[in-house]
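**Student:** Just need the structure, nothing else, for what follows:
(one chain, ligands or ions: 1)
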Amino acid sequence: MIEATLCFPRRTRGTESDPTEEVLLIEKRRGLGDGWYNGPGGKLEDGETPRECAVRETREEVGLEIDPETLEKAGELTFLLDGERHTFCHVYRTRSFSGEPTTTEEARPEWVPVDDVPYDQMWEDDQFWLPGVLEGETVVGEFRFEGGQPLDEAEFVGHDLEWNEHLETTDT
Ligand SMILES: CNc1ncnc2c1ncn2[C@@H]1O[C@H](COP(=O)(O)OP(=O)(O)OP(=O)(O)O)[C@@H](O)[C@H]1O
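**Tutor:** From the prediction side, this is the model:
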């Protein structure tokens, strides 16, 4: 089973009387989910904690520097492919980062209003869990895909969600 992370940097733009909440998404330019929008993220390397992975992937994919301590755990997602655990994904959010998002070989970053997230250009499961995560909730979810590898060509067939369960925060 693959262990992976997703990280959603957040900021507030606009004026005090008319603020706009934004999230940094990436348009993935290669690999799994190529051409779709997602948060920065990727697979854990040997010896790495999920938190360290989220920081590294965000740096590698869009050039933003995040202090691991500021990452807030927002979700744990299990993706099943043909009944077997394919990927376990740790989801984080943060409002604390430095640098400007930059396009890399892997990803093109884009600040998007949270009310305008392009769910029709994302993994099909995202529409079920990401809105709640962007509203500050925590989610534990299981998502079932069928049809064999690769995962991004399989069919999304069902899901179960639990909101605001306690998530372990010590290391992950
Ligand atoms: C099934 N439904 C899904 N819904 C939302 N997000 C999903 C997902 N399935 C995988 N993800 C995320 O997609 C990224 C893969 O990225 P990543 O490991 O970089 O894959 P890729 O094949 O490009 O690998 P390398 O770049 O070679 O490491 C990684 O963040 C992972 O959490």
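**Student:** Could you check how far the closest residue to the ligand within the chain is from E57?
**Tutor:** Taking C-beta to the nearest ligand atom, the ligand has its nearest neighbour within the chain at G31, 2.0 Å off. In short, each C-beta sits where N, CA and C put it, glycine included. For G31, the distance to E57 equals 12 Å [C-beta to C-beta, to the nearest Å].
**Student:** Of those two, give the one with the bigger neighbour count.
**Tutor:** Between G31 and E57, E57 has the larger neighbour count (other C-beta atoms under 10 Å), namely 24 against 12.
**Student:** That one contacts G39, correct?
**Tutor:** No: here E57 does not reach G39: they are 9.3 Å apart, not a contact under C-beta atoms under 8 Å.
**Student:** Give me the common contacts of those two.
**Tutor:** Common neighbours of E57 and G39 (criterion: C-beta atoms under 8 Å, 6 or more residues apart in numbering): C7.
**Student:** Within range of the ligand, give me the residues from this protein.
**Tutor:** With C-beta under 6 Å from any ligand atom as the criterion, the chain comes near the ligand at residues 4, 6, 31-33, 38, 41-43, 79, 87, 89, 123, 125-126, 143, 151.
**Student:** Tell me the helix or strand right after the helix or strand containing F143.
**Tutor:** Assessed by DSSP states H and E, F143 sits inside strand 139-146. Per DSSP H and E, the first helix or strand lying C-terminal to strand 139-146 is strand 155-163.
**Student:** tilt between that following strand and strand 139-146?
**Tutor:** 170 degrees (axes from the mean of the first three to the mean of the last three C-alpha atoms, to 10 degrees).
**Student:** Now do strand 155-163: everything it contacts.
**Tutor:** Here strand 155-163 makes contact (C-beta under 8 Å, 6+ apart) with 124-125, 128-129, 132, 137-147.
**Student:** Helices along the chain, start to end?
**Tutor:** Per DSSP state H, the chain carries helices over the ranges 50-62, 126-134.
**Student:** buried stuff in the shortest one?
**Tutor:** Residues of helix 126-134 classed as buried by neighbour count (16 or more other C-beta atoms under 10 Å): 126, 128-130, 132-134.
**Student:** what's the angle between it and strand 139-146?
**Tutor:** Calculated by the same axes, to 10 degrees, helix 126-134 forms an angle of 170 degrees with strand 139-146.
**Student:** longest single strand anywhere in the chain?
**Tutor:** strand 2-14 (DSSP state E).
**Student:** which one of the contacts of strand 155-163 is nearest E165?
**Tutor:** V140 (5.0 Å; C-beta to C-beta).
**Student:** my guess is the closest one contacts E168, does it?
**Tutor:** No: here V140 lies out of contact with E168, judged by C-beta under 8 Å, at a distance of 11.1 Å.
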